[in-house]
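Participant: What would the 3D arrangement of this be:
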Amino acid sequence: MPFPPPPHTPPGPRRRTLLASAAGAALLVGCSAEPDKSTTSAGSPSAAERARARAAHDSAGLVRQYDTAIAAFPALAEPLSQLRAEVVRHAEAFGGGRPTPVPTPTPTPMSTPTSASASASASSSASASVAPTSERDALVGLAAAERALVDRRTKALLDVPGELARLLASVAAAGAAHVYLLTEGAK
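Facilitator: Okay, here's the model as predicted:
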């Protein structure tokens, strides 16, 4: 027995078509570009601009650490030159200028802090100016600096808008690859 013909369908779009169109419109609105909020109403930089400036500053500091290691151990110049070039590109991507190599001191043994008051920020700035005692120490120090920067950038992902978050994630992933390469080179 054949099925009876369907009842007369009303003219115009069907309910499924309307729902699909509404869902598509919601996706388009959600993916649209955000207005430029580079400064707040008070004229101070937004959180995104501060995060971008900090990332550029951190990358420039990492370049200085690479320069210190290369100056202390010229044999590391070839293996570290590509990683250093990537870090320079990261600094430029965040809006920082091209970091210039700074003259580094002659290799001196790393001194251990004698007081417990040495903070993490003081030790990270001191590690950029004190030359490591061996090639292995140089690679381990660079890997530690890269790892700390990867962690900081990964945490910052939640607080920044889409495009900057994608850039931070990409640079953090590259930093994680640098950590792997540096730790393999230290073995």
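
Participant: any idea how far residue 182 is from residue 57?
Facilitator: 21 Å (C-beta to C-beta, to the nearest Å). (Glycine included, C-beta is placed from N, CA and C.)

Participant: the more surrounded of the two?
Facilitator: Neighbours of residue 57 and residue 182, each counted by other C-beta atoms under 10 Å, are more numerous for residue 182; the result is 23 against 13.

Participant: Identify the residue nearest that one in space, chain neighbours excluded?
Facilitator: Closest residue in space to residue 182, ignoring its immediate chain neighbours: residue 143 at 3.8 Å, by C-beta to C-beta, 6 or more residues apart in numbering.

Participant: try residue 51
Facilitator: For residue 51, ignoring the flanking residues on the chain, the nearest one in space by C-beta to C-beta, 6+ apart is residue 160 at 5.0 Å.

Participant: can you check residue 150 too?
Facilitator: In space, residue 150 is closest to residue 175, 4.2 Å off (C-beta to C-beta, 6+ apart).

Participant: Put the alpha carbons of stretch 134-153 into CSV.
Facilitator: Output in CSV follows, covering the C-alpha atoms of stretch 134-153 (Å, rounded to 0.1, in the frame of the first residue of the first chain):
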residue,chain,number,x,y,z
SER,A,134,80.4,25.5,30.6
GLU,A,135,78.6,24.9,27.3
ARG,A,136,76.3,22.5,29.1
ASP,A,137,75.5,25.2,31.7
ALA,A,138,74.8,27.6,28.9
LEU,A,139,72.4,25.2,27.2
VAL,A,140,70.7,24.3,30.5
GLY,A,141,70.3,28.0,31.3
LEU,A,142,68.8,28.8,27.9
ALA,A,143,66.4,25.9,28.2
ALA,A,144,65.3,27.1,31.7
ALA,A,145,64.7,30.6,30.4
GLU,A,146,62.8,29.4,27.4
ARG,A,147,60.7,27.1,29.6
ALA,A,148,59.8,29.9,32.0
LEU,A,149,58.8,32.1,29.1
VAL,A,150,56.6,29.3,27.6
ASP,A,151,54.9,29.0,31.0
ARG,A,152,54.3,32.7,31.3
ARG,A,153,52.9,33.0,27.8
